[in-house]
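Colleague: only geometry, no sequence info:
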């Protein structure tokens, strides 16, 4: 039976408590196509169906907000600084649709304003969306498209900074490749995310967006990723786009700096505490040369014990031009016995394939001069990429090989070893899982 408390009958979007089989379930009521089933979205984000015949009591804890009643008037001030907001997808640019139980995209400025009004107090937000994709479905053509769109904002003297919303799973690939494609920039390009949807109590989107807006107005003229620094809602880290990686499947502070320190702490009130050096903002009318090209004939391979080196023949047959192989430890993979990789790698390098080593450990630096096997790989032409992240190495190689002037073995090697966007840290400290 339904509780006789002075509430209207529950409607989709209401937060309710359901007493069923001696247990309590709390969540958002969703539309159900089955008249015998009550559908709830739990705080965990999962949906559950409950048989109505088993329900003992329903309590309405909180009525759905009347968006039209609470809606503030959306309008640009034309006084505040302007931030271009590029929406590409992800949880941060969506909200719960109680009719479907899923999420819908926030690509209209009014919708975004009603969900995140706080950032409109900081700046005038101009929103555009080239596409809406889960990040695992992104590819190099999407990266090029984003880079070209960002280039327009970089060249617009009226735009103070750029924010890009993005799904978390492959965000560090995008932050790295944009770092190379955009080159030396004159204003901040901020990528941000949300691990939890805005309807959940543990949502991280609001803090991430507030901090991202302040970062976009700051003097940090680099491609950076901004998000929770810890599990609390105190502040965010600004992390260099080439030295960051998703390190947890669900934590709000999933993105961590690798082999480096954060650039800064950014607080929701606008306070910024600098931690490490960064490139300063340039002139507003400075001409920006965006280099949005990419050769997709590259691959990232993780070595494991007993792996058959013959797998490399597949990539050669398919016309791949470069490989990043994650070497173990200080820079070793199998070098003797049945699964010796040396002959096959040597064969492919002689046929013109570019093969580079990146650290499988992520933290620390490869050093081919410690153990003899590593020197053997170096002698046959494998180039050791020091402390670079494997994902960063992959997108850098794809970007480098797209340039005809860098395609020779020496030219490609030199460009891959050049520290273009902070992808190498020549002075590693004691940072580890920080």
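Modeller: Good, I have the coordinates. Every value quoted in this text rests on a predicted model; they were computed, and no experiment measured them. Numbers count the residues shown, from 1 in each chain.
Colleague: and the next element down the chain from the lowest-mean-pLDDT helix or strand in the chain?
Modeller: Lowest mean confidence among the helices and strands of the chain (mean pLDDT, DSSP states H and E): helix 67-70, at a mean of 46. Next along the chain after helix 67-70, taking DSSP states H and E as the criterion, comes strand 82-87.
Colleague: other SSEs contacting that next one?
Modeller: Secondary structure elements in contact with strand 82-87, counted by 3 or more CB pairs under 8 Å, 6 or more residues apart in numbering; DSSP states H and E, are strand 124-128, helix 140-155, strand 159-165. In short, each C-beta sits where N, CA and C put it, glycine included.
Colleague: Residue 320 is nearest to which of these?
Modeller: If you check each of these against residue 320 by CB to CB, helix 140-155 wins as the nearest, at 13.8 Å.
Colleague: Mind listing residues that contact the closest one?
Modeller: With contact meaning CB atoms under 8 Å, 6 or more residues apart in numbering, helix 140-155 is reached by 84, 86, 88, 128, 130-131, 133, 159, 162, 164, 174, 177-178, 181-182, 185-187, 189, 287-288, 290, 292-294, 296, 395, 398.
Colleague: if we can go back for a sec, which of the helices and strands packed on strand 82-87 sits closest to residue 326?
Modeller: Per CB to CB, nearest to residue 326 of the helices and strands packed on strand 82-87: helix 140-155, 20.3 Å.
Colleague: so what's the residue lying closest to residue 32 once chain neighbours are set aside up against?
Modeller: Closest residue to residue 32 apart from its sequence neighbours, by CB to CB, 6 or more residues apart in numbering: residue 39 at 4.0 Å. When contacts are counted by CB under 8 Å, 6+ apart, residue 39 touches 29-32, 47-50, 101.
Colleague: Now intersect the contacts of helix 140-155 with the strands, please.
Modeller: Using DSSP state E, the subset of the contacts of helix 140-155 located in strands is 84, 86, 128, 159, 162, 164, 189.
Colleague: Would you point out the most distant pair within these?
Modeller: Using CB to CB, the ones in strands among the contacts of helix 140-155 span at most 14.3 Å, a distance reached by 128 and 189.
Colleague: Quick check: which ranges of the stretch 1-150 of the chain have low pLDDT?
Modeller: Along the stretch 1-150 of the chain, the parts satisfying pLDDT under 70 run over 1-9, 44-45, 65-74, 94-114.
Colleague: Residue 301 pairs with what?
Modeller: Taking DSSP bridges as the rule, residue 301 bridges to residue 325.
Colleague: separation between it and residue 348?
Modeller: For residue 301, the distance to residue 348 (CB to CB, to the nearest Å) stands at 12 Å.
Colleague: Next: residue 131.
Modeller: From residue 131 across to residue 348, the span is 36 Å (CB to CB).
Colleague: Ok, residue 397 next?
Modeller: Residue 397 sits 15 Å away from residue 348, going by CB to CB.
Colleague: cool, residue 212 as well?
Modeller: The separation that residue 212 has from residue 348, given CB to CB, amounts to 43 Å.
Colleague: More neighbours: which of the two?
Modeller: residue 212 (31 against 20; other CB atoms under 10 Å).
Colleague: wait, that one sits on residue 163?
Modeller: Yes: with contact defined as CB atoms under 8 Å, residue 212 counts as touching residue 163 (5.1 Å).
Colleague: list residues touching both of the two?
Modeller: Common contacts of residue 212 and residue 163, defined by CB under 8 Å, 6+ apart, comprise 190, 192.
Colleague: Report the set of residues contacting both of residue 301 and residue 348.
Modeller: Counting by CB under 8 Å, 6+ apart, the residues touching both residue 301 and residue 348 are residue 312.
Colleague: Fine by me, thanks again.
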